[in-house]
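Participant: next one to model:
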Amino acid sequence: MALVAVGISGCGGGGEATGGGEATEGAEATEVAETRSEATGGQAGSRRLRVSLDSREGPQNIGVLMAKRRGYFKDAGLGVWFANPLEPNRPVSYVAKGTDDFGLVQQPQVAIAREKGMPIVAVGSVIPHPTDAMIWLKRSEIGGIADLKGKTIAVPGIPYQERMLRFLLARAGLNRSDVKVERVGYDLVPALLDGPADAIFTASWTIDGVELKSRGVEPVITKVQDLGVPDYEGLVVIAPTKLVAEDPQLVRDFMSVFSRAMATAVGHPKAVANTIVDYADLASSRESMEAQIGAALPLFSTSGYMDPDRAQGLVDWMHDEGLIEGEPPASELLTNAFLPSP
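Facilitator: Numbering: from 1, shown residues only. Presented below is the predicted three-dimensional model:
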């Protein structure tokens, strides 16, 4: 399901088009301009924000989409422009550079970014547990990770995913050179169904797994938690540390609206489906999209709370396994200070 939100060119594309980086051309540039006008021009004195969504797929972006559709941002005096990143690995850099004010990313991305000194911090949880998985098709007759020797594994292209893959291969007695890794961006399902991939890694079992089932194939899905990876926040909201320090009320207001939208979504799956249809060009059937929503909604966080001990456990594990060189403290990765009171 291709979720193309209000700026089809990607959040960074919109920011770059006006900031001297890669320019968005043609119809996409027009759409971005119109979107920014819509987001910021409808309310006098509104505070203007840019948000980078997580990928083009699935209901994981519903906190932003629902808040926009139902006018929650407007109620809070926020003019919000949002879109999908051009590539899966870009939201962290967009937020770190100040191109975007908020972004949705996986917690391991935050750990790697903080180790590199990038000025971002997680300010709320969206999905408290990972939905990443290793997936291959039953017809492939692959029996386990060791059987991937000599085969092709497709990944979206986010650095932590390839580092994590090296860990899993090593546990199965394989080296990185024993497999071919293809970076396919958002096209994991096509890569597995039509080639070149024999397996896809860090595919979401709530999205890609459900989509594969809807297409009549039998996916073999192994969650990363069952492959020796510790539990972590599957998706978080990040903000620049400068914004957090200089305008804490803005961060607090955004998270209040976001939490309100998440709570609404959890209780109204049909409204979630209708909202996604409003903002998306569906590459899959409505039935598949609703199945993805059914798999995802029970996993959503309505409080936004992030467990610092679990975050520190992730950092320690990533360091021990050589995924990162340093060990940034959990206090650098996240803060719960801007979440609405229970």
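Participant: what are the ranges of the strands in the chain?
Facilitator: For the chain, applying DSSP state E gives strands covering 47-52, 78-83, 102-105, 120-127, 132-137, 152-155, 180-183, 199-204, 219-223, 235-240.
Participant: mind putting those strands in a markdown table, distance to residue 339 and mean neighbour count included?
Facilitator: For glycine as for every other residue, the C-beta is placed from the backbone atoms N, C-alpha and C. Rendered in a markdown table, the data for the strands of the chain read as follows (distance: least, Cβ to Cβ, whole Å; neighbours: other Cβ atoms under 10 Å):
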| stretch | distance to residue 339 | mean neighbour count |
| --- | --- | --- |
| strand 47-52 | 17 | 22 |
| strand 78-83 | 17 | 24 |
| strand 102-105 | 14 | 28 |
| strand 120-127 | 6 | 26 |
| strand 132-137 | 24 | 23 |
| strand 152-155 | 32 | 23 |
| strand 180-183 | 34 | 16 |
| strand 199-204 | 24 | 28 |
| strand 219-223 | 27 | 18 |
| strand 235-240 | 10 | 27 |
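Participant: adding mean pLDDT, write those strands out as a markdown table.
Facilitator: Conversion of the strands of the chain to a markdown table gives the following (pLDDT from 0 to 100):
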| stretch | mean pLDDT |
| --- | --- |
| strand 47-52 | 95 |
| strand 78-83 | 93 |
| strand 102-105 | 97 |
| strand 120-127 | 98 |
| strand 132-137 | 97 |
| strand 152-155 | 97 |
| strand 180-183 | 96 |
| strand 199-204 | 95 |
| strand 219-223 | 97 |
| strand 235-240 | 98 |
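Participant: quick one: closest of those strands to residue 193.
Facilitator: When those are ranked by distance to residue 193, counting by Cβ to Cβ, first place goes to strand 132-137 at 8.1 Å.
Participant: and that closest one, which strands flank it?
Facilitator: strand 199-204 (antiparallel), strand 219-223 (antiparallel) (DSSP bridges).
Participant: now those strands as JSON lines including distance to residue 131?
Facilitator: Below are the strands paired with strand 132-137 laid out as JSON lines (distance: least, Cβ to Cβ, whole Å):
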{"stretch": "strand 199-204", "distance to residue 131": "4"}
{"stretch": "strand 219-223", "distance to residue 131": "8"}
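Participant: which residues are in contact with the helix ranked longest in the chain?
Facilitator: When secondary structure is assigned using DSSP state H, the longest helix within the chain turns out to be helix 248-267. With Cβ atoms under 8 Å, 6 or more residues apart in numbering as the test, helix 248-267 has contacts from 47, 49, 59, 62-67, 70, 72-73, 75-78, 101-102, 123-124, 126, 237, 239, 243-244, 271-272, 297, 300-304, 337-340.
Participant: swap in stretch 210-223?
Facilitator: With contact meaning Cβ under 8 Å, 6+ apart, stretch 210-223 is reached by 1, 130-139, 142, 189, 192-193, 205, 209, 284-285, 287-288, 291-292, 295.
Participant: pull up the distance across that stretch, start to finish.
Facilitator: 14 Å (Cα to Cα, to the nearest Å).
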